[in-house]
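Trainee: here are the coordinates; sequence isn't available:
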């Protein structure tokens, strides 16, 4: 399936000079949505996964479905101030600013095998911050898995110590 044909460019969003990759056309097509999820699941193979992390907000589209298919738990990583219980946080750089992510302190157990999913790998800051939080809680990152990758931003360099897979490359 030509997954790229389901991604549209939105120029100057969220600010001037940025070309936003909109995945909405893929999400609204049931065949493309299912095929994309199955393709990303195939990246995992037969590796043991205890929890699938979805990174706010577009990581929430696929991660819970993958968790269900893998018979694993789902853990949301949210932006600062969105989680109610005890949590840890990491601040990271985006291609257009800084942000902070949080995860509940009790969401990852020592030795848990973790699949981290987000929609886009851009500069790698979001995924790297998430990997650091998982490891601080005693988990082992099995894979970082993305719907699409903006290769020209070199996000993989921040994730050089991890297995990184993406379905669509730009």
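Mentor: Received it, and whenever you're ready, just let me know what you need. The structure displayed is predicted, hence computed values, not measured ones.
Trainee: Look up phi and psi at the residue positioned nearest the centre of the chain.
Mentor: Nearest to the geometric centre of the chain sits residue 118, at 1.6 Å (Cα atoms, centre = their mean). The phi and psi torsions at residue 118 (degrees, to the nearest 10) take the values phi -140, psi 160.
Trainee: next structured bit after the host helix or strand of residue 90?
Mentor: Residue 90 is located in strand 87-94, with elements delineated by DSSP states H and E. Per DSSP H and E, the first helix or strand lying C-terminal to strand 87-94 is strand 97-104.
Trainee: Can you mark which positions in stretch 4-24 are buried?
Mentor: If you call a residue buried by 16 or more other Cβ atoms under 10 Å, then stretch 4-24 has these buried ones: 6, 7, 21, 23. Quick note: C-beta positions are derived from backbone N, CA and C, even for glycine.
Trainee: re earlier: the strand holding residue 90 pairs with which strands?
Mentor: Paired neighbours of strand 87-94 in the sheet (DSSP bridges): strand 97-104 (antiparallel).
Trainee: Relative to the whole chain's centre, how far out is the strand it pairs with?
Mentor: Strand 97-104 sits 13 Å away from the centroid of its parent chain (Cα atoms, centre = their mean, to the nearest Å).
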